[in-house]
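Engineer: Predicted coordinates and the sequence they were generated for:
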Amino acid sequence: MLEDSPQAANPLSLKDIAAHVQGRHLLSDGRPIHITAELLAASAGDIGYRMILALSDQHPPLLVWKSHLYVLAGADFDETLYSDGSRMDVIHNLLLLDTRFSDSRRDAVFNRETDDWSKVDGALLLRITTE
């Protein structure tokens, strides 16, 4: 699906990727699946929480940072739970897989202390269900 796209190596935007992958598809064995895509703006107040939640549900989001597509493979974060039931997550590092490489350059890290969050375009949450 995504690898078949001429933009796969250098996507135009998360919106373009979402439009390309969203909908009904057939697996190589003929089974149908349905993909839903949810865009998260980098400026969204809950993007960190939503990314952590997706990771804990074993649904790694896609992330565009510095105009490159990454798979969010993990995160180093602190979670504080308050007595009123609220919580606060502080992300220190995002552990990324660079889709352009298959060697040692594949692993990348977004460090909250040293990297510029304004260079993150956002995240894309994908859900795949069988029909």
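Structural biologist: In hand now; what should we look at? Numbers count the residues shown, from 1 in each chain.
Engineer: The chain: strands as residue ranges?
Structural biologist: Using DSSP state E, the strands found in the chain span residues 23-26, 32-41, 62-65, 68-81, 87-98, 107-111, 120-130.
Engineer: number of nearby residues for D115?
Structural biologist: 15 (other C-beta atoms under 10 Å). (Glycine included, C-beta is placed from N, CA and C.)
Engineer: what sits against the spatially closest residue to it that is not a sequence neighbour?
Structural biologist: Nearest in space to D115, with sequence neighbours left out and distances taken as C-beta to C-beta, 6 or more residues apart in numbering, is W65 at 7.9 Å. Residues near W65 by C-beta atoms under 8 Å, 6 or more residues apart in numbering: L96, F110, D115, K119, V120, D121.
Engineer: and L126, how many neighbours does it have?
Structural biologist: Neighbours of L126 (other C-beta under 10 Å): 18.
Engineer: circling back: for L81, state which of the contacts of W65 is nearest.
Structural biologist: Nearest to L81 among the contacts of W65, counting by C-beta to C-beta, is F110 at 24.6 Å.
Engineer: Poorly predicted segments of this structure, please.
Structural biologist: Applying pLDDT under 70 to the chain flags residues 1-12.
Engineer: which secondary structure elements does the longest helix along it contact?
Structural biologist: Determined from DSSP state H, the single longest helix within the chain is helix 47-56. Using 3 or more C-beta pairs under 8 Å, 6 or more residues apart in numbering; DSSP states H and E as the contact test, the elements touching helix 47-56 are strand 32-41, strand 68-81, strand 87-98, strand 120-130.
Engineer: Which strands and helices lie in contact with the second one?
Structural biologist: For strand 68-81, the helices and strands in contact under the criterion 3+ C-beta pairs under 8 Å, 6+ apart are helix 47-56, strand 62-65, strand 87-98.
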